[in-house]
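> the following block contains a protein sequence and its predicted model.
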Amino acid sequence: MGSGLLWLLDADVFAPAACGRLDVLVGGGKVLAMLPASGERPALPGCTTFDLHGSRLIPGLIDAHVHLTGGGGESGPASRVPAVALSALTRGGVTSCVGVLGTDGTTRDVPSLVACALGLREQGLSAWCWTGGYQVPPRTLTGSVRSDIVFVDPIVGAGEIAISDHRSSQPTFDEIARLAADCHVAGMMSGKAGVLHLHLGDGARGLDLVRRCLDETELPARVFHPTHVNRNTRLFAEALLLAARGITLDVTAFPVEDGEDAYSAADAIERFFASGAPRERLTCSSDGGGCLPTFDASGRVVTMDVGQPAALADTLRVLLGRGAALAEVLPVFTSNVAELLRLKNKGRIAVGADADFVVLGSDHEVRDVIAGGRFMVRGGEVSVRGMFEAAQ
């Protein structure tokens, strides 16, 4: 949390709605005031000023899918991806994140993930995590998904539970429905999101289990949050139909090659908007720290890449470069995520909200990042690094 007071002068504020040129007063990690830009402000004891000269000020990005402890492992122990560094998040404009386990719930576990989230909090970021991983029954910290959500502060739901993927545990309808029910009731008991975050593979069954939960149970649509829905065109078309029924979809900012049967995150966001689906039903995450493997027909890894948290800001930059209105696309990376996950005081710039900001440069790049009122990136240079980053 930043110490003292900070005036952000002459900011072109997108909160995410366009608010015009404002002076924003920050103190104690919160937004204290938002006033019409005056050109100067009275000196306040212990107050620092930072003149943005009309640059765009947006909420800090929220990444709901980051492999904080590292992903991978699908090609042997050497393929385990290292943990995500603090500056890898902040350089990409991410001020809030939700950690996730992936395929490997054996050599990696939920206690380590919770510890990683708490460590990021100590270093100035806002961090939460999902309990479980690909497998069903899911690995937990307390012995059950329900009690993990209720009793463990950073845990907001269960995920990423894998369906329609050869790496999944091939969960049944009853198992997915029961997990969703545990998330839903735990959310009611704790006041948390209580969301089931689902990894989607390329399997032909697609979102059938989710559709059956809507058709055959009393569970509300808000509980389900399928991710990677842009990984192939058939799955994305199927997902759009569920968005109309109240499901919030998550597109992943992974690299897409020319001719690949997939949509980039930017393309998927544009297609989602063009479909007429409710715009509040879309989020975008990076899969940062996760392994991005390509498999052959027998399930062997052919190539491997690693997701980067900066992919969120890169996607926003692409959209703006194509002429998208900032106020229209920004909620996908900020307020939509905060609303779904019930992250209080996140995803918006408002009096009383957390002082998490990104300043965009003239080319839509991340120029400055403030988390909890503290500069993490300034002028494109990292100001605060993780404890062990220098040693690395």
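Thanks, I have the structure now.
> buried ones in the biggest helix by length in the chain?
Using DSSP state H, we find that the single longest helix of the chain is helix 173-190. Neighbour counts over helix 173-190 (16 or more other CB atoms under 10 Å) mark 175-187, 190 as buried. The way it works is simple: take the backbone N, C-alpha and C, and place the C-beta from them, glycine included.
> of the residues you listed, closest to Phe151?
Ser190 (8.2 Å; CB to CB).
> now do the same for that closest one: its pLDDT.
Turning to Ser190, the model gives it a pLDDT of 98.
> report the central residue of the chain.
Asp63 (1.7 Å; CA atoms, centre = their mean).
> need phi/psi at it.
phi -110, psi 110 (degrees, to the nearest 10).
> rebuild the buried residues of helix 173-190 as TSV, extending it with distance to Asp215.
Formatted as TSV, the buried residues of helix 173-190 follow (distance: CB to CB, whole Å):
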residue	distance to Asp215
Glu175	17
Ile176	13
Ala177	11
Arg178	16
Leu179	17
Ala180	13
Ala181	15
Asp182	20
Cys183	19
His184	16
Val185	20
Ala186	23
Gly187	22
Ser190	28
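> could you work out the most separated pair of those?
Glu175 and Ser190 (22.3 Å).
> what bits of the protein have low per-residue confidence?
For the chain, applying pLDDT under 70 flags the ranges 1-3, 73-74, 292-296, 301-305, 391-392.
> from the buried residues of helix 173-190, which is closest to Phe388?
Ser190 (32.5 Å).
> surely that closest one and Ile149 touch.
Yes. Under the criterion of CB atoms under 8 Å, Ser190 makes contact with Ile149 at 5.8 Å.
> show me what contacts the residue nearest to the centre of the chain?
By CB atoms under 8 Å, 6 or more residues apart in numbering, Asp63 lies in contact with Leu89, Val94, Ser96, Cys97, Val98, Ser285, Ser286, Gly288, Pro309, Leu312.
> buried stuff in the helix or strand following the longest helix of the chain?
Downstream of helix 173-190, the first helix or strand assigned by DSSP states H and E is strand 195-200. Residues of strand 195-200 classed as buried: Val195, Leu196, His197, Leu198, His199, Leu200 (neighbour count, 16+ other CB under 10 Å).
> just list whatever residues bridge to the third one.
Using DSSP bridges, the bridge partners assigned to His197 are Gly159, His225.
> what's the burial count for His53?
8 (other CB atoms under 10 Å).
> so what's it up against?
Contacts of His53 (CB under 8 Å, 6+ apart): Asp10.
> so what are the domain limits for this structure?
5-58+345-382, 61-341 (automatic domain parsing).
> need these in TSV with distance to Phe388, can you?
Shown next, in TSV, are the domains of the chain (distance: least, CB to CB, whole Å):
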stretch	distance to Phe388
domain 5-58+345-382	14
domain 61-341	8
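> out of these, flag the one nearest Glu389.
Across the domains of the chain, closest to Glu389 is domain 61-341 (CB to CB), at 5.4 Å.
> now the end-to-end length of the closest one.
By CA to CA, to the nearest Å, the extent of domain 61-341 from end to end equals 14 Å.
> can you give the distance from it to the centre of its chain?
8 Å (CA atoms, centre = their mean, to the nearest Å).
> give me the buried stretch members for stretch 298-314, please.
Neighbour-count burial for stretch 298-314 [16+ other CB under 10 Å]: Val306, Gly307, Gln308, Pro309, Ala310, Ala311, Leu312, Ala313, Asp314.
> specify which member of those residues is nearest to Asn345.
Leu312 (19.9 Å).
> quick check, that closest one in contact with Val94.
Yes. Leu312 lies in contact with Val94 (CB under 8 Å); the separation is 6.4 Å.
> what is in contact with those two at once?
In contact with both Leu312 and Val94: Leu61, Asp63, Ser286, using CB under 8 Å, 6+ apart.
> how far away is the closest residue to Ala310 other than its chain neighbours from Ala311?
Using CB to CB, 6 or more residues apart in numbering and skipping residues adjacent in sequence, the residue nearest Ala310 is Gly92, 3.4 Å away. Gly92 sits 7 Å away from Ala311, taking CB to CB, to the nearest Å as the criterion.
> what's the neighbour count on Gly76?
9.
> can you map out the strands along the stretch 1-150 of the chain?
Chain-ordered strands for the stretch 1-150 of the chain, with DSSP state E, counting those that start in this stretch as the definition, fall at 5-14, 18-27, 30-36, 47-51, 56-59, 61-66, 94-99, 126-131.
> what angle separates the second one from strand 47-51?
Think strand 18-27. 150 degrees (axes from the mean of the first three to the mean of the last three CA atoms, to 10 degrees).
> going forward, begin numbering at 467 instead of 1
With the count now opening at 467, the last piece we talked about shows up as strand 484-493.
> elements contacting strand 484-493?
When contacts are defined as 3 or more CB pairs under 8 Å, 6 or more residues apart in numbering; DSSP states H and E, strand 484-493 packs onto strand 471-480, strand 496-502.
> before we move on, the earlier item: and Glu746, which of the strands of the stretch 467-616 of the chain is closest to it?
Here strand 527-532 is closest among the strands of the stretch 467-616 of the chain (CB to CB), at 14.1 Å.
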